[in-house]
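No letters, just coordinates:
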């Protein structure tokens, strides 16, 4: 078996006893617990005055491993400390701040939308007023044209009436002069 050069040499029994129980099939990749070798573990070629070999980065020593490796269910059962209650406050505060900014943005967008809606309504009213004015102008022009036609028809009727009166007068004068001429001739 190939050993890591920085890890201390141990017997297979000690290695399996030092492995922490895994919560998933990948947890063993980062959660192996290795302790510093004690005097009985040292090989004869190492002298007691030599310091123990350093652990690989990411490895946990024995005393710290007992403190840091607590099972999931035990951690769930532990009472919460005030420090752990303070931690969620900042994400909640960030969430509240984000909600506040979103609310402010929504209110400004709502104000802009209301303003645009008011402008659109004003523009629509102006268009409707212009349309009414245009239709009223068209009606006024038609009425003016009808008034002109009516005055022209009244003038034509007056002229025709005057012409008929003159014609009737001439016919009466002609008939009277014809009757007078007959009476003169007949005497």
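Perfect, I can see it now. No experiment lies behind these values; they were computed from the predicted model shown.

Please, which helix or strand holds residue 92?
Element membership for residue 92, per DSSP states H and E: helix 82-186.

Mind checking the pLDDT average for that helix?
Mean pLDDT, computed over helix 82-186, is 91.

quick one: the closest residue to residue 70 other than its chain neighbours and residue 72, what's the gap?
Excluding the flanking residues, the one nearest residue 70 by CB to CB, 6 or more residues apart in numbering is residue 78, at 7.8 Å. C-beta coordinates here come from the backbone N, C-alpha and C atoms, glycine included. Per CB to CB, to the nearest Å, residue 78 is found 11 Å from residue 72.

Same check on residue 154?
Distance from residue 154 to residue 72, by CB to CB: 108 Å.

Could you do residue 109 as well?
Distance of residue 109 to residue 72, given as CB to CB: 45 Å.

cool, residue 104 as well?
41 Å.

same check, this time on residue 181
Distance, residue 181 to residue 72, using CB to CB: 147 Å.

what's the answer for residue 151, then?
In terms of CB to CB, residue 151 sits 105 Å off from residue 72.

ok, now residue 130?
Computed as CB to CB, the residue 130 to residue 72 distance reads 75 Å.

Also residue 187?
Going from residue 187 to residue 72 by CB to CB gives 156 Å.

Of those two, give the one with the bigger neighbour count.
Counted by other CB atoms under 10 Å, residue 187 and residue 72 do not tie: residue 72 has more neighbours, with 8 against 5.

pLDDT value on the more buried one, please?
As predicted, residue 72 sits at a pLDDT of 78.

ok, so what distance separates residue 123 from residue 130?
10 Å.

what do you get for residue 145?
22 Å.

what's stretch 154-171 in contact with?
Residues outside stretch 154-171 that contact it (CB atoms under 8 Å, 6 or more residues apart in numbering): none.

ok, now how distant is residue 92 from residue 99?
Residue 92 is 10 Å from residue 99, where distance means CB to CB.

Could you do residue 125 as well?
As judged by CB to CB, residue 125 and residue 99 stand 38 Å apart.

What about residue 155, how many residues nearby?
Here the number of neighbours of residue 155 (other CB under 10 Å) works out to 10.

begin at 3 from here
Okay, using 3 as the starting number, the last item reads as residue 157.

From residue 101, how far out is it?
82 Å.
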